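Engineer: whatever this is, show me its structure:
(one chain, ligands or ions: 1)
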Amino acid sequence: MSALTPLFVYGTLKRGQPAASRLAGQRCLGPAQTGPGFTLHHLDGYPGMVRQQDPEAFVTGELWLVDDACLRALDDYEGVAEGLYRRESITLVTPGLPAVAHTYVYARSVIGRRRIGAAWPPAE
Ligand code: PCA
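Structural biologist: So this is what the prediction gives:
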């Protein structure tokens, strides 16, 4: 039996978003929120989450439990090998859910990319 990894998703992988089917068959634990120090930037149709020196900034998304095969496929989709995103462990602050999860942190520059704050998709 393969291990299950808690994975925080905040963009195209969320329910109702274009890449949600990549989590088909995995288990959603529910809505979740990062601890402080993260924000989203708009990258043309998808978001990039980066660390931000802002104690008021956080990001909302969903926490999933994913198996190893799914996680490897997601690493491919998110361009981990190409250095587009890095899969890292972060702290979540959602009562009743695990406090540590993996997530895809954007690994390239966000200079010139609009900061959209806590949630994808942005309101306008
Ligand atoms: N897909 C991943 C990272 C950014 C994106 O659009 C996610 O939904 O968490």
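Engineer: and the residue of the chain at minimum distance from the ligand, what element?
Structural biologist: When scored by Cβ to the nearest ligand atom, the chain has Gly11 as its residue closest to the ligand, at 2.6 Å. Yep, even glycine has a C-beta here, placed from its N, CA and C like the rest. When secondary structure is defined by DSSP states H and E, Gly11 falls outside every helix and strand.
Engineer: so for it, what's the nearest residue that isn't a sequence neighbour?
Structural biologist: Closest residue in space to Gly11, ignoring its immediate chain neighbours: Pro47 at 4.4 Å, by Cβ to Cβ, 6 or more residues apart in numbering.
Engineer: what is the burial count for that neighbour?
Structural biologist: Around Pro47 there are 23 other residues, counting by other Cβ atoms under 10 Å.
Engineer: okay, it and Arg86: tell me how far apart.
Structural biologist: When Cβ to Cβ, to the nearest Å is the yardstick, Pro47 and Arg86 sit 15 Å from each other.
Engineer: show the contacting residues for Arg115.
Structural biologist: For Arg115, the set of contacting residues under the criterion of Cβ atoms under 8 Å, 6 or more residues apart in numbering consists of 39-42.
Engineer: right, I mislabeled it, should have said Thr12
Structural biologist: Each residue near Thr12 by Cβ under 8 Å, 6+ apart is listed here: 18-20, 46-47.
Engineer: okay, the residue lying closest to it once chain neighbours are set aside: pLDDT?
Structural biologist: Nearest residue to Thr12 in three dimensions, chain neighbours excluded: Ala19, at 3.9 Å (Cβ to Cβ, 6+ apart). For Ala19, the model assigns a pLDDT of 98.
Engineer: tell me how many other residues crowd Ala19.
Structural biologist: A count of nearby residues for Ala19, using other Cβ under 10 Å, gives 15.
Engineer: tell me who's in contact with it.
Structural biologist: When contacts are counted by Cβ under 8 Å, 6+ apart, Ala19 is found next to 11-13, 77.
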